[in-house]
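Chemist: Quick one, what's the 3D model for this:
(chains A and B)
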Amino acid sequence: MTARVGVVLFPGSNCEHDVVEAVEALGAEAEIVWHGAGALPDVDAVVLPGGFAHGDYLRPGAVARFSPVMGAVRDFADGGGPVIGICNGFQVLTEAGLLPGALQKNSGLKFLCTMVNVRVETTNSILTSAAHGGQVLRIPINHFEGNYTCPADTLAELRDQDRVVLRYVDNPNGSTDSIAGVCNEGRNVVGLMPHPERASDALLGSEDGRILLRSLLAHVPALR
Amino acid sequence: MSTFEVLVEVRLRPGIADPEGATVERALPALGFAGVRGVRMGKAIRFEVEAAGEDDARRTAEELCRRLLTNPVIEDAVIEVWPPPPSPEGVR
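Modeler: The predicted structure is shown next:
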């Protein structure tokens, strides 16, 4: 059956249509979900896209975590539903406490918009199950606050539990341990700074993002 | 109930890298400010709280900091609370 993906639109999101295009190109159906919705429509996966939710005021994701839809996203994640946060979506997930750590200003204080190489560090997550361990993917980043930061005990836990999903090959932003993406304990919530939807067609310079999005779509519950 | 003024200083926790503060600090010698060290960037947030007393106002501010104004992973806050200025009945 066709997978249905809910793409959350916050005021200030700006990558929602790219995500819709990318997952539709892989044969899924996609629906944009307004942040004010109290419930999610009937979807198999949820994507929090990139952008500047609520203007990124106070801190990226700080206000978005209180958007009405986030209660439903939390319930969906708690029930094992696949949820990914891309870039600003990753920031929202950390602020909401669905993922550990925080994303700080890039160490070089530059907004980075460039293609990077990221290495798949574990295939045991809803976003990397279709990749090979150690596979290097070319995917663009586009952020000012992508410098992943967490306390030492959290980092130890992430490493011990194999929850660092992606690492930069050349750390562009000062991220702790070159982390580009992490997952929760259930491995069904993943946040990453690179934009797989922008690497979903050869015309965009890379198709490597499709490997990640295909993994996500492969995790639709078997009952559909 | 009275209106208390609150000033919250949001700071990066000690040990959290502060590239913005470091950049400002690096610019200082060129301006002749030798001997200025430890520059840390933060945010100042002002607001008013209706509360029965200063302790109440502080508790509200602390809760607000915990839930919204700071990200406890990387930030903490210093809270200052001022009681309402003495004023004749009915003026405020």
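Chemist: What residues of the single longest helix found in chain B count as buried?
Modeler: Longest helix in chain B, counting residues (DSSP state H): helix B:54-64. Residues of helix B:54-64 classed as buried by neighbour count (16 or more other C-beta atoms under 10 Å in any protein chain shown): B:56-58, B:60-61, B:64. Any C-beta I mention is one placed from the backbone N, CA and C, and that applies to glycine too.
Chemist: before we move on, what about stretch A:117-125?
Modeler: In stretch A:117-125, counting by 16+ other C-beta under 10 Å, buried: A:117-123, A:125.
Chemist: Pipe those residues into a markdown table and attach secondary structure and distance to A:Val169 per row.
Modeler: As requested, those are exported to a markdown table (DSSP: H, G, I helix; E, B strand; the rest coil; distance: C-beta to C-beta, whole Å):
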| residue | secondary structure | distance to A:Val169 |
| --- | --- | --- |
| A:Asn117 | strand | 4 |
| A:Val118 | strand | 7 |
| A:Arg119 | strand | 6 |
| A:Val120 | strand | 11 |
| A:Glu121 | coil | 11 |
| A:Thr122 | coil | 16 |
| A:Thr123 | coil | 17 |
| A:Ser125 | coil | 19 |
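Chemist: is it possible to export the residues you listed to CSV including distance to A:Gly186 and pLDDT?
Modeler: As requested, the buried residues of stretch A:117-125 are exported to CSV (distance: C-beta to C-beta, whole Å; pLDDT from 0 to 100):
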residue, distance to A:Gly186, pLDDT
A:Asn117, 28, 98
A:Val118, 22, 98
A:Arg119, 23, 98
A:Val120, 19, 98
A:Glu121, 17, 98
A:Thr122, 14, 98
A:Thr123, 16, 97
A:Ser125, 10, 97
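Chemist: can you dump the C-alpha coordinates of whichever helix or strand comes after the longest helix of chain B into PDB?
Modeler: For helix B:54-64, the following helix or strand on the C-terminal side (DSSP states H and E) is strand B:75-82. The C-alpha trace of strand B:75-82 is given here as PDB (Å, rounded to 0.1, in the frame of the first residue of the first chain):
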ATOM      1  CA  GLU B  75      21.700  27.800  29.000                       C
ATOM      2  CA  ASP B  76      20.900  29.000  32.500                       C
ATOM      3  CA  ALA B  77      19.300  32.200  33.800                       C
ATOM      4  CA  VAL B  78      19.900  35.000  36.400                       C
ATOM      5  CA  ILE B  79      16.600  36.500  37.500                       C
ATOM      6  CA  GLU B  80      16.200  39.900  39.100                       C
ATOM      7  CA  VAL B  81      12.800  41.000  40.500                       C
ATOM      8  CA  TRP B  82      11.900  44.600  41.400                       C
END
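Chemist: if we can go back for a sec, of the buried residues of helix B:54-64, closest to chain A?
Modeler: B:Leu64 (11.5 Å; C-beta to the nearest C-beta).
Chemist: pLDDT score assigned to the closest one?
Modeler: Looking at B:Leu64, its pLDDT is 97.
Chemist: of the buried residues of helix B:54-64, closest to B:Glu5?
Modeler: Comparing those against B:Glu5 with C-beta to C-beta places B:Ala57 closest, at 8.8 Å.
Chemist: what residues are up against that closest one?
Modeler: B:4, B:6, B:49, B:51, B:81 (C-beta atoms under 8 Å, 6 or more residues apart in numbering or on different chains).
Chemist: Which single one of the residues you listed is nearest to A:Asp18?
Modeler: For the contacts of B:Ala57, the nearest to A:Asp18 is B:Val6 (41.4 Å; C-beta to C-beta).
Chemist: Would you give the sheet partners of whichever helix or strand the closest one is part of, along with the direction of each?
Modeler: Following DSSP H and E, one finds B:Val6 within strand B:2-12. Strand B:2-12 has these partner strands in its sheet, going by DSSP bridges: strand B:42-51 (antiparallel), strand B:75-82 (antiparallel).
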